[in-house]
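**Student:** Sequence plus predicted model, see below.
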Amino acid sequence: MAYCNKCPYCGANLDPGEHCNCKEEAAEEQSSVVKIEYQFQEKQNVG
Ligand SMILES: [Zn+2]
């Protein structure tokens, strides 16, 4: 049985049991984007 330790998202080679953190970084980026959008909406409401 061959183990394919390659991240399906970014294609990085991973050690057995290693998890790529590219998705975590993407999630962090998304949450910050949501924060910015939320602040933008608040500003609009004030105006
Ligand atoms: Zn990855």
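**Tutor:** Structure received.
**Student:** what's residue 14 in contact with, if anything?
**Tutor:** Going by C-beta atoms under 8 Å, 6 or more residues apart in numbering, residue 14 touches 5-7, 20. To be clear about C-beta, it is placed using only N, CA and C from the backbone, and glycine gets the same treatment.
**Student:** please redo it, this time with the cut-off set to 6 Å
**Tutor:** 5, 7, 20 (C-beta atoms under 6 Å, 6 or more residues apart in numbering).
**Student:** How about it: what's its closest non-neighbour residue?
**Tutor:** Of all residues not flanking residue 14 in the chain, residue 5 sits nearest, at 4.4 Å (C-beta to C-beta, 6 or more residues apart in numbering).
**Student:** Phi and psi next, for the one you found.
**Tutor:** Per-residue torsions, residue 5: phi -90, psi 70 (degrees, to the nearest 10).
**Student:** Tell me how far it lies from the ion.
**Tutor:** 11 Å (C-beta to the ion, to the nearest Å).
**Student:** so how many other residues sit close to that residue?
**Tutor:** Neighbourhood size, residue 5 [other C-beta atoms under 10 Å]: 13.
**Student:** cool, residue 23 as well?
**Tutor:** 13.
**Student:** OK, contacts around it?
**Tutor:** Counting by C-beta under 6 Å, 6+ apart, the residues that residue 23 touches are residue 9.
**Student:** Give me the three-state assignment for it.
**Tutor:** helix (DSSP: H, G, I helix; E, B strand; the rest coil).
**Student:** now do residue 33
**Tutor:** helix.
**Student:** Lowest-confidence one in the contacts of residue 14?
**Tutor:** Looking at pLDDT alone, those dip lowest at residue 5, where the score is 87.
**Student:** Pull the number of nearby residues for residue 24.
**Tutor:** 10.
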